[in-house]
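In: need a structure here:
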Amino acid sequence: MRLIVGLGNPGRKYQGTRHNVGFDVVGEVATRHSLEFESAPTEAVIARTRGVDPGMLVVKPLTFMNRSGLAVAALVRYYRITLDDVLIVAEDVELPLGRLRARASGGDGGHNGLASIIDVLGTERVSRLRVGVGRGDVRRDLAAHVLSRFETSEELAIRDSIARAADAVDAFVGNGIGYVMNRFNGPEPESSVADKENSEHS
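Out: Predicted structure coming up:
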C-alpha cells in the first residue's frame, strides 16, 4: 500500500493558504477516486482505496505542521508500510508558483512539516513532492507569506499545479518516485502553459 501524506494545518483559518497546499492536493486525489475521509488510528483523517493493487492511503495529519511526523510514523507502523511506499506532499516557497519538484530523499529545506517527519522517522530517505507557491515580496515576513491566501492573479496557476500534483500522486502509486521525477520535475509542461494562456485570452 502507498501512503500519501498531504501536509497542512487543520482548521478553517488555514483553508486556502499557501501552507495548506498539501491538504489541497490530497483532497483533489480523494475527489478523483471518490474517496471519503474518515478518522484514523492517530491524529489524522484518512481515505483509502479498496480492491485495487497497489492500494492507496491518503492522509491529512491533524497534528499541526510542526508535529506531522508523529501522525506519519504512527500510520507507517499501524499499516506496516515500507518507507519506499511513502510520499509527502508539501508547499515550497522557494519554487516558482506552479512548479513541481519530486525527490526520493533529502533534507527538510526549512520546511517544519518535513523536518518533523525526518526527525521522527529517523531518516531523510522519504519521497516528497513539493508544490511551488512562490516567495512573493522578499521584504515580507516569510511566516506571514506562507499563511497568506493566494492572490486572484495566482488562482489559475495554483489550481493547475494542484491538478498536476494529483496526477503526480497517481503516477507515484502506479510507478514509483523515479517515474514521477522524470515526468514532473522541471518547467511546467508546455501544454499546460498553452492552455493557461488560451484561457486568459479567451
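In: any weak-confidence spans in this structure?
Out: Counting by pLDDT under 70, the chain shows low-confidence ranges at 137-140, 187-202.
In: contacts only, for residue 121.
Out: When contacts are counted by C-beta atoms under 8 Å, 6 or more residues apart in numbering, residue 121 touches 69, 72-73, 76, 83. All C-beta atoms are positioned from the backbone trio N, CA, C, and that covers glycine.
In: repeat that for residue 55.
Out: Contact analysis of residue 55 by C-beta under 8 Å, 6+ apart lists 1-2, 48-49.
In: report the buried members of these.
Out: Neighbour counting by 16 or more other C-beta atoms under 10 Å classes 1-2, 48-49 among the contacts of residue 55 as buried.
In: pull the most distant pair out of those residues.
Out: When those are compared pair by pair using C-beta to C-beta, the farthest-apart members prove to be 2 and 48, with a separation of 10.1 Å.
In: give me the common contacts of those two.
Out: 55-57.
In: need the residues you listed in TSV with distance to residue 134 and secondary structure, can you?
Out: Converted to TSV, the shared contacts of residue 2 and residue 48 look like this (distance: C-beta to C-beta, whole Å; DSSP: H, G, I helix; E, B strand; the rest coil):
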residue	distance to residue 134	secondary structure
55	34	coil
56	29	strand
57	30	strand
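In: show the contacting residues for the residue nearest the centre of the chain.
Out: The centroid of the chain falls nearest to residue 89 when counting by C-alpha atoms, centre = their mean (2.1 Å). Listed by C-beta under 8 Å, 6+ apart, the contact partners of residue 89 are 4-7, 21-22, 25-26, 128-129, 131, 165, 169.
In: now render those as a markdown table, adding distance to residue 96, neighbour count and secondary structure.
Out: Compiled in a markdown table, these are given as follows (distance: C-beta to C-beta, whole Å; neighbours: other C-beta atoms under 10 Å; DSSP: H, G, I helix; E, B strand; the rest coil):
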| residue | distance to residue 96 | neighbour count | secondary structure |
| --- | --- | --- | --- |
| 4 | 24 | 28 | strand |
| 5 | 24 | 27 | strand |
| 6 | 20 | 30 | strand |
| 7 | 19 | 28 | coil |
| 21 | 14 | 27 | helix |
| 22 | 18 | 31 | helix |
| 25 | 17 | 29 | helix |
| 26 | 22 | 29 | helix |
| 128 | 18 | 28 | strand |
| 129 | 16 | 27 | strand |
| 131 | 11 | 26 | strand |
| 165 | 14 | 26 | helix |
| 169 | 21 | 25 | helix |
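In: ok, residue 21 - contacts?
Out: The contact partners of residue 21, by C-beta under 8 Å, 6+ apart, come to 8, 89-91, 131, 133, 158, 162, 165.
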